[in-house]
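Asks: coordinates for the following, if possible.
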Amino acid sequence: LSLAVHIQTSRALMVISLLLGFFGIIVSVVGMKCTKVGEEDPVTKSRIAVAGGVLFVLSGLCTLAAVSLYAARVTYEFFSKSAVPANARYEFGSALFVGWGAASLTLLGGSLLCCSCPAKERRGPQYYRQSQPSTAREYV
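Replies: Predicted coordinates:
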């Protein structure tokens with residue numbers, strides 16, 4: 001526990017993100033139309049899928065917060081030290097870019113699942129009156 005506070009915070013956010021993502025996978029699989037769980041009510045299944053999408057969005061936000069917090073702290077420490085020359089080459093590591101990419105893809109997937117929100121009330125099947133075929137019409 002002798003690590004810096006920002007590292008411990010980032011670690012905790014990533015663990016929370018992993019747990020939310022794991023539960024999001026389970027809930028989303030239960031809410032899919034192709035599974036047999038809860039098959040009697042399609043509106044309930046859609047709402048379960050939306051709940052999985054919300055868990056994915058929360059997971060993506062936790063990942064984004066953890067990676068951005070770490071990047072901001074590293075940048076602050078780099079530029080606050082006077083021993084480092086101003087023209088020194090500085091770039092982020094590839095793990096930060098992978099984290100940002102993973103966060104954005106998780107947010108995208110969760111928001112797509114959230115877009116499958118069902119209608120508030122489900123009406124019965126709609127019947128449309130069919131018109132007569134064009135060969136049966138009489139032309140005058």
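
Asks: now do the helix ranked longest in the chain, average pLDDT.
Replies: Longest helix in the chain, counting residues (DSSP state H): helix 42-80. The average pLDDT within helix 42-80 is 89.

Asks: quick one: buried residues of whichever helix or strand comes after that helix?
Replies: Later in the chain than helix 42-80, the nearest helix or strand by DSSP states H and E is helix 94-114. By 16 or more other C-beta atoms under 10 Å, the buried positions in helix 94-114 come out as 99, 100, 102, 103, 106, 107, 109, 110, 113, 114. Every C-beta, even on glycine, is put in place using the N, C-alpha and C of the backbone.

Asks: nearest to residue 24, of these?
Replies: Residue 24 lies nearest to residue 110 out of the buried residues of helix 94-114, by C-beta to C-beta, at 7.2 Å.

Asks: please report how far residue 5 lies from residue 12.
Replies: 10 Å (C-beta to C-beta, to the nearest Å).

Asks: more neighbours, the two?
Replies: The residue with more neighbours, out of residue 5 and residue 12, is residue 12; 12 against 8, by other C-beta atoms under 10 Å.

Asks: alright, I will stop here.
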